[in-house]
Every structure is written in C-alpha cells, then in structure tokens.
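Chemist: I need the structure of the sequence given here:
(one chain, ligands or ions: 2)
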Amino acid sequence: MEIERAEVIVTSPGRNFVTLRLTTTDQVQGVGDATLNGRELAVASYLQDHLCPLLIGRDPQRIEDIWQYLYRGGYWRRGPVTMAAIAAVDVALWDIKAKLAGMPLYQLLGGAVRTGLLAYGHASGADLPRLFESIEKHLELGYRAIRIQTGVPGLGPLYGVAAGDSEGTRYDYEPARRTMVPTEEAWDTRAYLRHVPSVFEAVRNKFGPELPLLHDVHHRLTPIQAARLGKSLEPFDLFWMEDCTPAENQEALRLVRRHTTTPLAIGEVFNTVWDYQTLITEQLIDYVRSAVTHTGGISPMRRLLDFAGLYQIKSGMHGPTDVSPVGMAAAMHLGLAIHNFGIQEYMRHSKATMDVFRTSYTFAEGLLHPGDQVGLGVEIDETAAAAYPYAGAYLPVNRLLDGTVHDW
Ligand code: CS2
Ligand code: MG
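Modeler: Ligands and ions are numbered 1, 2, ... in the order given. Presented below is the predicted three-dimensional model:
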C-alpha cells in the first residue's frame, strides 16, 4: 500500500483552517490539522509545495520513518510553520493506521486510562457582571473547570475577553477578525496587576472554593511581575496561571518558581521538546500547553509528555478554536491514552465549523471523549468546506499606553 494522494484543504467557516488529507492506494483516508492562526497560507504552501510531493508513493504505515524523514531530512528544523506541516502528516498517518487496524486511535496508543478528559472553557467579561454571566453559562454547558479573563479598568477591549455577542461565551475572533492588518489594543501592566486578584476574590466569593479556575496572562509580564501575580493569586487556589512570561528564556521561570506556589502552565507557542528542556528537567512548570497541531503531531507529543511525566508534569494541551476539530480529536485520543493527562482546553467551535468537520467526539458532564469510530473519528466535508473560501484574518497587536509594542 502506498500514499496515492495528498490534498491541502483551506477553508474558513468562521475562521481559517488548513487540513491535510492523505489517501492510500487502498482508498483509506487520513486527515491532519495544519492550522497556524494568522499564518495559515504559509503552512498550506509548506505542505503543498514541499511535503506533499515527498509523500506520494511512500508506505503510510511507516509513521516514525516518515516523521524523521521530514524533520531531520529537511535540514531546517523546528519553527511553527514546519512543525504544523509535519504535524498534519503525522496525524493523518495515525488516522490511517488506526483505520487499517479497525480501532479508534486511542486504542492503538495503548487504550483508555480514564473515562473522559476534564475540559476547561473560556469564561470572560469586560466587567464582573458580564464575567459572572459567562461563568454561569459555562456551568450550564456542563463545564467543571473554567478559565477567567476580564477587562481592566481604564483599558479598552482586551484579547481573551469576549466582545459580548449574543452567545456571550466566545471571543470576538470566531468569526475571526477579517482585517488586512492586525487591530491594536492598549496595555497597562500595573493596572492589570492591581485588578486581577480582586476579580479572583469576587469569583471565589460567588462560586465557592471547589470550581477549578484558570487564568491566561498571555506572555505579558516580566519574571518579577509574574512572581508577584502568582503570589497574589495564591489565596484563590488557581488550577494554573498560564504563559506568565514570554518563555523563550526558559531560565526566567526559575525566578517565578522561587516566589510562588501557583501552578504554572506554558508552551502553546512552543513546537518541540527542546523548548521545554530546562522547564521540565528543573521542574519549573506543572503543565505542558503544546498542541498536537503545533508540535509535530502525535508522535513527538507522546515523547514530550512521557518526558514530562518523569517529572510529575502533566498535559494541558492547547485547544482554542484555531485548533481545528481534527487537531482537537488528535489531542483527545492522546489525552485518553497517556497517564499524565492534566486537563484539556475546549473552547467549542461554531456551528459553521462543525458543519465542515464531521466529528464523533462528545462533551458530557464536563468530560470530553474522542468517541469510538475507527481512526480519529473526524472527516472533512469538502463540499461544505468549499462554501467558505480563505479570508485573511489577524490576531491583534498589543501596545503600552506610550505606544511601545508589547508582548501579548
Ligand atoms: C489562548 C489562545 O487558548 C489560549 O490559551 O492563548 O487563544 C491563543 O491566543 C490563540 O490560540 C492564538 O492563536
Ligand atoms: Mg493561552
């Protein structure tokens, strides 16, 4: 059996997604997610122009060999574009292998070690009343763990805080902002640091001590500011504080860790195990935030999470709406089969997205399950996809009040 066809499907049902579909000479198909938010066409080209021609004629069963061929063989290693493209190939090959084996992918990965995956949703609001409303909505939806983001007095709209649409639960970027250039937001670190502890105090007072609460700092702080925030949030018992500093400098986390017992999660912008080497071996974090989609696929994610498991560090895989339902399903199969699963982010896609991607995964009583269809359990409906052509969209840019571009 050989790989006969490799197709790259770009579609935009509310936001852009890049999907690779491989077909074997026996007409078995596998899909992989290669979506890189705001840089989608770069990955589509990397696949179309550079990887697809190399795949035709290869044995689809040799997943590890193909992975090494694309990673080591390409000479230019790592980076989000390369690793998203390789991830799509790897996941599509696992999908094919599981279909050939006649089992859901998690069985091939060793079988379920839990009944379902604890998932967290994104509650947010420009102010406390809107935040409380959003938390209540998430509880009604069945979420048992909730991320909390709010506006900061004196600042305008902030990334991560829903614009207050009719559903009230989603960011204003699904549908993604269709702008030719990124929108810009204003940021003031001192105002943020003053405000956030009071928000968590109010949420704990209203919703009690049990509900797991998370918070995403989105790389905006220096290490000493992050240390201070972690310390000031300790009374509110966070499940985690995410991306507290830009973590290219892994050593920076030593300082944060020295000052706070608030658990730390990092890595949604990382793409290989090397980005975590210091963080994991020195036990500077508690959760690995990488997505299967951005880290080269299931094969390297398994290696990364096994490595993290040696240090009692758990998974907290990235699952925003810019990870497609294909990428979400891959995370769910892996999460069900590994011992050191921690939590899965689950933002929920729009109806238009779910019309294009036919999925078998379920969300009930706060837990996700990938379902029991053979393979990944996700198909892309090409006709539905064709109705949503690519439309450029960007993530926002952040500036300090004096105009300086800031991490965000
Ligand atoms: C966020 C993401 O889900 C998260 O934790 O940080 O929304 C992230 O900003 C986007 O995935 C960027 O594409
Ligand atoms: Mg994040």
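
Chemist: Every contact and neighbour count from this point should use C-alpha atoms.
Modeler: OK.

Chemist: Which residues of the stretch 1-150 of the chain lie near ligand 1?
Modeler: residue 37 (C-alpha under 6 Å from any ligand atom).

Chemist: Nearest to ligand 1: which residue in the stretch 1-150 of the chain?
Modeler: For the stretch 1-150 of the chain and ligand 1, the shortest gap (C-alpha to the nearest ligand atom) falls at residue 37, measuring 4.8 Å.

Chemist: Number of residues surrounding that residue?
Modeler: Neighbourhood size, residue 37 [other C-alpha atoms under 10 Å]: 18.

Chemist: got the contact list for the residue lying closest to residue 114 once chain neighbours are set aside?
Modeler: Among residues not flanking residue 114 along the chain, residue 336 sits closest, at 6.3 Å (C-alpha to C-alpha, 6 or more residues apart in numbering). With contact taken as C-alpha atoms under 8 Å, 6 or more residues apart in numbering, residue 336 is in contact with 106, 111, 112, 113, 114, 115, 116, 117, 369.

Chemist: So residue 336 versus ligand 1, what's the distance?
Modeler: From residue 336 across to ligand 1, the span is 20 Å (C-alpha to the nearest ligand atom, to the nearest Å).

Chemist: what about that residue, which helix or strand?
Modeler: Using DSSP states H and E, residue 336 falls within helix 325-337.

Chemist: Show the subsequent helix or strand relative to that helix.
Modeler: Scanning forward in sequence from helix 325-337 by DSSP H and E, the next helix or strand is strand 344-345.

Chemist: after that next one comes which helix or strand?
Modeler: Counting by DSSP H and E, what follows strand 344-345 is helix 351-356.

Chemist: Describe which strands whichever helix or strand comes after that following helix pairs with in its sheet and in which direction.
Modeler: Per DSSP H and E, helix 351-356 leads on to strand 357-359 as the next helix or strand towards the C-terminus. Applying DSSP bridges, strand 357-359 is found paired with strand 378-380 (antiparallel).

Chemist: Run through who's touching the helix or strand following the partner strand.
Modeler: Moving toward the C-terminus from strand 378-380, the next helix or strand (DSSP H and E) is helix 382-386. With C-alpha under 8 Å, 6+ apart as the test, helix 382-386 has contacts from 10, 11, 12, 13, 355, 356.

Chemist: Helices of this protein, start to end?
Modeler: Taking DSSP state H to define them, one finds helices in the chain at 40-45, 52-55, 63-71, 80-101, 105-108, 128-141, 189-207, 223-233, 252-259, 277-281, 298-309, 325-337, 351-356, 382-386.

Chemist: how about stretch 37-56: buried residues?
Modeler: Under the neighbour-count criterion of 16 or more other C-alpha atoms under 10 Å, stretch 37-56 has 37-41, 43-44, 46-48, 51-52, 55-56 buried.

Chemist: Quick one: neighbours of the closest residue to residue 86 other than its chain neighbours, just the number.
Modeler: Distances taken as C-alpha to C-alpha, 6+ apart place residue 296 nearest to residue 86, at 5.2 Å, with adjacent residues excluded. Using other C-alpha under 10 Å, residue 296 has 29 neighbouring residues.
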